[in-house]
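In: Next one to model:
(chains A, B, C and D)
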Number of protein chains: 4
Amino acid sequence: MEQNIGFIGLGSMGAPIAANLMHAGYRLKVYNRTASKASPLTEKGAVLVDHAADTANPGGIVLTMLADDHAVEKLCLEKPSFVENLGPGGIHISLSTIAPATARKLAEHHVTHGVTYLAAPVFGRPEAAAAKKLWVCVSGPSSAQERTEPILHAIGQGIFPFGEDVGAANAVKLCGNFLIAAAIEAMAESQVLAEKNGVDPKALVEMLGSTLFACPIYQGYGKQIAEQRFEPVGFRLALGLKDINLTLQTAAASSVPMPTASLLHDRWLAAVAKGRAEMDWTAATLNVAEDAGLLAKSAKAGQG
Amino acid sequence: MEQNIGFIGLGSMGAPIAANLMHAGYRLKVYNRTASKASPLTEKGAVLVDHAADTANPGGIVLTMLADDHAVEKLCLEKPSFVENLGPGGIHISLSTIAPATARKLAEHHVTHGVTYLAAPVFGRPEAAAAKKLWVCVSGPSSAQERTEPILHAIGQGIFPFGEDVGAANAVKLCGNFLIAAAIEAMAESQVLAEKNGVDPKALVEMLGSTLFACPIYQGYGKQIAEQRFEPVGFRLALGLKDINLTLQTAAASSVPMPTASLLHDRWLAAVAKGRAEMDWTAATLNVAEDAGLLAKSAKAGQG
Amino acid sequence: MEQNIGFIGLGSMGAPIAANLMHAGYRLKVYNRTASKASPLTEKGAVLVDHAADTANPGGIVLTMLADDHAVEKLCLEKPSFVENLGPGGIHISLSTIAPATARKLAEHHVTHGVTYLAAPVFGRPEAAAAKKLWVCVSGPSSAQERTEPILHAIGQGIFPFGEDVGAANAVKLCGNFLIAAAIEAMAESQVLAEKNGVDPKALVEMLGSTLFACPIYQGYGKQIAEQRFEPVGFRLALGLKDINLTLQTAAASSVPMPTASLLHDRWLAAVAKGRAEMDWTAATLNVAEDAGLLAKSAKAGQG
Amino acid sequence: MEQNIGFIGLGSMGAPIAANLMHAGYRLKVYNRTASKASPLTEKGAVLVDHAADTANPGGIVLTMLADDHAVEKLCLEKPSFVENLGPGGIHISLSTIAPATARKLAEHHVTHGVTYLAAPVFGRPEAAAAKKLWVCVSGPSSAQERTEPILHAIGQGIFPFGEDVGAANAVKLCGNFLIAAAIEAMAESQVLAEKNGVDPKALVEMLGSTLFACPIYQGYGKQIAEQRFEPVGFRLALGLKDINLTLQTAAASSVPMPTASLLHDRWLAAVAKGRAEMDWTAATLNVAEDAGLLAKSAKAGQG
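Out: Numbering: from 1, shown residues only, chains lettered A, B, ... in the order given. Take a look at the predicted model:
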């Protein structure tokens, strides 16, 4: 087993993933812009390095979990970069949710350094990451998929391969997040309709969540929306909007009109405009209630 | 046990439901506009009557499963009607998907004849009805709910009570169908996006349907859309549009803007305009592909 | 010249129209549900009758200007009705904005009494009506169009004939109101965009209103929206929503998806839900500003 | 009068604008990627230079009319650039439709070379440019506005100043184009509704275009849509989509949800997906007709 690997990005998702890798026996060199966040890991033996580039061992493996396309690109293209330091035989496992186009561009860049780019975006919120319950979508060269399989198994409950096109796994991730956002919006609309027609939204969620929609998304988010509970923040609203925008950009680049995604864009953008960027992304549903004249609740929540 | 009951409406849903009632030991007087459809039931002992009103025994129970609000209203208000014939102590179990407002109006009408209106719309397609796998939502006077419980148990796998407001159960049914339609549209959009970005839609469905969206709606419909298989017709597209319109009307009456429902209205209406009213309602997704320039497939399907 | 005619409906539009007819020399028998509104007319010689049916002279002409389809239908179908009293040779000039389908249905009904239904919906707000500046769209039997031409000339500045189909003129009226509402929404969106990007909305309106969009709708409404001035009420918001809904119903009946109309429906419905039904219909644009986080202004306006 | 100026970009808009400048007495050094397009100008005395940078005289004025943000940025940032060659006291009049954010970024860049960036986007199609009928929106330092006034007067029929923020004029231009696109979509929807309800779309356009909407946009585009005439290409559909996207990006950057713009994005993107990118941008309305089942016409037009 490959034991020494690098890990960059110790945010709410990266930190628990890195912890699971250590738990599985990997020795980590870690880097984070805010170094203090590395403490829980260094206490268990991880080595904190001063520069992202220093996380790489020649021919080794580095995982990155960063906020957006820009952050990933910057890190890969800076001089010196961890990609250069990986060099021939190295693999970059990119866990971030970014555009398929960005992944493809970086894969081409990596090749010039002899490095393989492997897209491995994950589904799951921080608590799922901590519980090793992530779902991992992988795409890229199959040899790299094979070599990194133990690593990915150490961080999730299932790996789904989507072929050799590095853009594919990110496309799946965007599709998944889009479907979740669409379900959130639709649930919110249906709950307001129910409430105004003599049905307790919680009862609606319970019925549908135990029958037609007996799956995590409808059960978990459905309950959360019915209770108007937008804390703790599992996924920041601003990041939710970022993902919807990535979906729309990818759709535009491949000429796919997605009216539902457009609607979601408008809804989440309104939430940002109303000052809710730092709330959980389900707080976008407040606007559904407000548009139906249910102002009191939302006003309260707006102050939260 | 109450053994003699009436049943009106032997379409693709009504017929298997009536069969299950007979299987459970009920003796049925049945009526259908097209009498020939009653044959499978009369062969097993059901009595076919000439007029809908004749299905009722004084103080007894009649179930109706009809196409739309208009059909239910007409049947209840004609002279003589099965409602009049039920008279004091009678119960009308209305299985149809209609507007909460219509249910409330009929409940008021029934009271003048001493009859209780019980809303009991069901979730499930014809094959689910045949397999006794329907989910039944019930609302109306609790005494009527109690008395009819064995009957409803005989036709489904679960009963969900939503209180005494007869409009409530229909509101839940509309919410459910709306959520299904919203999921169909979102899945179609995501699949076209996936397809144009190097991902096989079937693999997408398999991944999401076994993880985040591991529930009947996403698994069944997801597969159907990915395979562009719109036959056999489980639910006629024209009826799907009818339900979306009922949702929008109910939403308008209670001042609930539902932009997703508006979008679905436009999508399904386009499908009707393109001559697909008699296909399965998932055929509305053809337009998603067409809007993305995937013309060949849809043209083929359009001829189907 | 035909001098004795009937007029039913003396609201904010009907009253000034009736006044112009009197000014042109017609003698009027008038009816209004709230009789007191007839005073300005009776003072000038109009005869106020107790029942709508009494406005009709056999074989004569009656104009109606009512709030909605329901009001027109009720008046035409009551017993005795002004239509019956008109009898053979009579003409009913219907000025109200109603559905083409309703107009066609009433035309069929009128024929059984020997009466001709003439659709003559008008464009213009109350001040335009008072100034004899209305634009009149007419459709129906050409003989009736000829006979009523002097009357229609007396109330507007231009008559536009749209053939013999009585539904046609109302279709044009719905198209016109739809285009106005669409322009209002688009102007509001553009003004908020301008405001947040260093451009004074009033300067934007002035520039566009004197060049590309140098026409009444963009000049008048544009200014009103830029100034957030929603009083006096030229056209009640609730009536605006009614017209958008008529458009959507007519579109649905003829299988025409109109996504812009759906969007307008949601916008105006939100305005009603927020308690703005009695404001001018341009107050729907408050929601555009609110969705962009411009809460202070709208809160103020909401109290107006 | 300043007589020697530079001009870069001789496309369908740039060429007639440059010709008007020459007609007004200016001596031009011109540059175009495809040099052959300069012939009509060089025949009249313009000097064609080999490199864009060579159009600039120290401290002088250069106008640019390019396709998009990327093209403008590339030209300004290349080495050597016309901006460097202008140097202290120079003015860059940027006629292109670009994002306010890009204009602001370039203005900052120019300052480092002592050059003033002046935003001067124009309204009007190629024939208006040729006829000196453009409307020019200007923003940027007032001294530069004063100095360039004669030049701008030589190319249009009116100049509208929008202050010193260089982003402002482009924001106005985006608002204007957005309003035009919104009007095109709404007109198309209304015409299909009219056509299916007994009204000739041409009669509808004539009525509205001579009354409520008596302005160039509704008259010109309305007629074009009614006649389904998408040639000659006044404004390429792909460029129309580019402008709608600029609007959405600018709106997103300033947190302004614009549902109408989202709808337009989807409509124009579908047109591109259907292979209509090179048609006139009004060809996006074909999809409105297609969604209403009017397939024959669109199929024909699709081949055009």
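
In: So which bits of stretch A:83-93 are buried?
Out: A:83, A:84, A:85, A:86, A:90, A:91, A:92, A:93 (16 or more other C-beta atoms under 10 Å in any protein chain shown). For glycine as for every other residue, the C-beta is placed from the backbone atoms N, C-alpha and C.

In: What pLDDT is listed against the nearest residue to residue A:293 once chain neighbours are set aside?
Out: If the residues on either side of it in the chain are set aside, residue A:293 comes closest to residue C:273, at 3.5 Å by C-beta to C-beta, 6 or more residues apart in numbering or on different chains. For residue C:273, the model assigns a pLDDT of 97.

In: What's the separation between residue C:273 and residue C:122?
Out: Plainly put, residue C:273 is 30 Å away from residue C:122 if you go by C-beta to C-beta, to the nearest Å.

In: Residue A:81 now?
Out: Distance, residue A:81 to residue C:122, using C-beta to C-beta: 71 Å.

In: near chain B, from the buried residues of stretch A:83-93?
Out: Among the buried residues of stretch A:83-93, no residue lies close to chain B (C-beta under 8 Å from any C-beta of the partner chain).

In: quick one: what helix or strand has the residue located most distally from the centre of chain A in it?
Out: No residue in chain A sits farther from the centre than residue A:198, which is 37.1 Å out by C-alpha atoms, centre = their mean. Taking DSSP states H and E as the definition, residue A:198 sits outside all helices and strands.

In: Please name the bridge partners of residue A:8.
Out: residue A:31, residue A:64 (DSSP bridges).

In: how far away is it from chain D?
Out: 28 Å (C-beta to the nearest C-beta, to the nearest Å).

In: Isn't that residue up against residue A:54?
Out: No - counting by C-beta atoms under 8 Å, residue A:8 stays clear of residue A:54, with 10.1 Å between them.

In: neighbour-wise, which of these two wins?
Out: More crowded of residue A:8 and residue A:54, by other C-beta atoms under 10 Å in any protein chain shown: residue A:8, with 27 against 16.

In: how near is the more buried one to chain B?
Out: Residue A:8 is 26 Å from chain B, by C-beta to the nearest C-beta.

In: Got the confidence number for the residue of the stretch 51-200 of chain A found nearest chain D?
Out: Relative to chain D, the nearest point of the stretch 51-200 of chain A is residue A:185 (13.3 Å; C-beta to the nearest C-beta). We have a pLDDT of 98 for residue A:185.

In: mind listing what the residue sitting nearest the centre point of chain A touches?
Out: With distances taken as C-alpha atoms, centre = their mean, residue A:97 lies nearest the centre of chain A, 5.1 Å away. Applying C-beta atoms under 8 Å, 6 or more residues apart in numbering or on different chains to residue A:97 gives the contacts A:121, A:170, A:173, A:174, A:177, A:243, A:246.

In: how far does stretch A:240-254 sit from the chain's center?
Out: Relative to its chain's centre, stretch A:240-254 lies at 14 Å (C-alpha atoms, centre = their mean, to the nearest Å).

In: Same question for stretch A:50-65.
Out: Relative to the mean C-alpha coordinate of its chain, stretch A:50-65 is positioned 21 Å out (C-alpha atoms, centre = their mean).

In: List the buried residues for it?
Out: A:52, A:53, A:54, A:55, A:56, A:57, A:60, A:61, A:62, A:63, A:64, A:65.

In: Filter those down to the ones in strands?
Out: If you go by DSSP state E, these have A:61, A:62, A:63, A:64 in strands.

In: Can I get these in CSV including distance to residue B:212?
Out: Shown next, in CSV, are those (distance: C-beta to C-beta, whole Å):
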residue, distance to residue B:212
A:61, 27
A:62, 28
A:63, 22
A:64, 23
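
In: Residue A:209 and residue A:222 touch, don't they?
Out: Yes - at 5.5 Å, residue A:209 counts as touching residue A:222 under the criterion of C-beta under 8 Å.

In: Of the two, give the one with the bigger neighbour count.
Out: Neighbours per residue, other C-beta under 10 Å: of residue A:209 and residue A:222, the larger number sits with residue A:222, 25 against 21.

In: now the more buried one: how far from residue A:202?
Out: From residue A:222 across to residue A:202, the span is 9 Å (C-beta to C-beta).

In: ok, now residue A:108?
Out: 50 Å.

In: Those two: which has the busier surroundings?
Out: residue A:202 (15 against 11).

In: who touches residue A:151 in this structure?
Out: With C-beta under 8 Å, 6+ apart, residue A:151 has these contacts: A:2, A:5, A:21, A:26, A:61, A:63, A:93.

In: Listing request: residues of the stretch 1-150 of chain A with sub-threshold pLDDT.
Out: For the stretch 1-150 of chain A, the stretches with pLDDT under 70 are A:1-2.

In: Up against chain B, what does it have?
Out: A:100, A:123, A:135, A:137, A:139.

In: isn't there a helix covering residue A:233?
Out: No - according to DSSP: H, G, I helix; E, B strand; the rest coil, residue A:233 belongs to no helix; its state is coil.

In: That one: neighbour count?
Out: 17.

In: how far away is it from residue A:178?
Out: From residue A:233 to residue A:178 the distance is 20 Å (C-beta to C-beta).

In: Next: residue A:56.
Out: Following C-beta to C-beta, the distance that separates residue A:56 from residue A:178 is 33 Å.

In: for residue A:100, what are its contacts?
Out: Residue A:100 sits next to A:166, A:167, A:168, A:170, A:171, A:174, A:250, B:197, B:198 when contact means C-beta under 8 Å, 6+ apart.

In: Can you report how many residues neighbour the closest residue to the last one other than its chain neighbours?
Out: Ranked by C-beta to C-beta, 6+ apart and with sequence neighbours excluded, the top spatial neighbour of residue B:198 is residue A:165, at 4.0 Å. Around residue A:165 there are 19 other residues, counting by other C-beta under 10 Å.

In: In three-state terms, how would residue A:278 be classified?
Out: With three-state DSSP as the criterion, residue A:278 reads coil.

In: And the closest residue to it other than its chain neighbours, its phi and psi?
Out: Leaving aside its chain neighbours, residue A:278 sits nearest to residue A:236 (6.3 Å; criterion: C-beta to C-beta, 6+ apart). Taking degrees, to the nearest 10, you get phi -60, psi 140 for the backbone angles of residue A:236.

In: so what pLDDT did residue A:236 get?
Out: 94.

In: and it, what does it touch?
Out: A:277, A:278, A:279, A:280, A:281.

In: what about it, distance to chain B?
Out: In terms of C-beta to the nearest C-beta, residue A:236 sits 19 Å off from chain B.

In: For that residue, name its beta-bridge partners.
Out: residue A:280.

In: For the stretch 151-300 of chain A, what lies in contact range of chain C?
Out: Going by C-beta under 8 Å from any C-beta, the residues of the stretch 151-300 of chain A near chain C are A:259, A:266, A:270, A:273, A:274, A:275, A:287, A:290, A:291, A:292, A:293, A:295.

In: which one of those residues has the most neighbours?
Out: residue A:291 (28 neighbours).

In: The nearest residue to it once chain neighbours are set aside: what secondary structure?
Out: Spatial nearest neighbour of residue A:291, excluding adjacent residues (C-beta to C-beta, 6+ apart): residue C:270 at 4.2 Å. Look at residue C:270: counting by three-state DSSP, its state is helix.

In: Residue C:270 and residue A:289 touch, don't they?
Out: No - assessed by C-beta under 8 Å, residue C:270 is found out of contact with residue A:289, at 11.1 Å.
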